[in-house]
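**Q** below is the sequence, then the predicted model.
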Amino acid sequence: WNGRRWLDGCLGSLAGETESAGEVLVVDNGSTDGSLEALAREHPGVSVLALGRNTGFAAAANRGLAAVSTPLVALVNTDVVLAPDWIARTRAALDADAGAAAVACKMLDLDDPGRIYDAGDVLRRDGVCDQRGRFERDDGRFDEPGEVFAACAGAALYRREAVLAAGGFDERFFAYLEDVDLGLRLRLAGWRCRYEPRAVARHAGEGSAGALRRAPAAWVERNTLL
């Protein structure tokens, strides 16, 4: 939504992946900043699903998942730039664990790649979500692959059928924590989530959040209760 300034970086990184993404589908939430025109003019090879209004991240992700048929689906925020081997590494992690439904990657700050944005999500016993390593320096503490509670859907690979069987993203959340809620339901269904730190995504945190009708902290408080 209104992420025109990020499109070239995001789609350019996808085009440069060592392992092809196959189909790239852009779901547009009623952008008014020229995003659709730029896609048609500068990225004619990608598919576009124009929803016409801002449905929120959860609903847009669900529409995207319903519109494709591949067994594995990567969700990538507009304000994310992927390392060239991101697809290859996340796919390898999922292929190596038949009991995993998702792969979380190491997300670094777009402007300061020495700072971590997310290294897998944790759901605490009091219902609050913590993002591992958030705003800490990337000093090697989160360099070991393994298992985490859930993946940040800003850049994550999912088994499509597992997500659909779990009910997809809860659209009441609109934005923020819908990925942790999905992670919880995948856990309850018996699935795991892998963490692959060698798959790196650089993310401009809250890149489009400034124009939302609530501040990010308000969405997080509301959605933590949900």
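**A** Received, thanks.
**Q** and the strand or helix carrying V163, what's buried?
**A** With secondary structure defined by DSSP states H and E, V163 is part of helix 160-165. With burial defined by 16 or more other C-beta atoms under 10 Å, the residues of helix 160-165 counted as buried are 160, 162-163. Yep, even glycine has a C-beta here, placed from its N, CA and C like the rest.
**Q** helices and strands of the chain: which one bottoms out on pLDDT?
**A** For the chain, scoring each helix and strand by mean pLDDT, DSSP states H and E identifies helix 216-225 as the least confident one, at a mean of 90.
**Q** so for the helix holding V163, mean pLDDT?
**A** Taken as a whole, helix 160-165 has a mean pLDDT of 98.
**Q** contacting residues around C105?
**A** Taking C-beta atoms under 8 Å, 6 or more residues apart in numbering as the definition of contact, the neighbours of C105 are 86, 89-90, 151, 155-156, 195-197, 199-201.
**Q** go through the least confident helix or strand of the chain and flag the buried ones.
**A** So helix 216-225, judged by 16+ other C-beta under 10 Å, has buried residues 219, 223.
**Q** what about the residue nearest to P145 when sequence neighbours are not counted, how many neighbours?
**A** Nearest residue to P145 in three dimensions, chain neighbours excluded: E196, at 5.4 Å (C-beta to C-beta, 6 or more residues apart in numbering). E196 sits with 23 neighbouring residues when counted by other C-beta atoms under 10 Å.
**Q** do you know how far E196 is from D112?
**A** As judged by C-beta to C-beta, to the nearest Å, E196 and D112 stand 22 Å apart.
**Q** ditto for A218
**A** Using C-beta to C-beta, one gets 26 Å for the distance from A218 to D112.
**Q** helix/strand/coil for P197?
**A** P197 carries the three-state label strand when classified by DSSP: H, G, I helix; E, B strand; the rest coil.
**Q** helices of this protein, residue ranges please.
**A** For the chain, the helices defined by DSSP state H cover 4-15, 35-42, 57-67, 86-95, 160-165, 178-188, 216-225.
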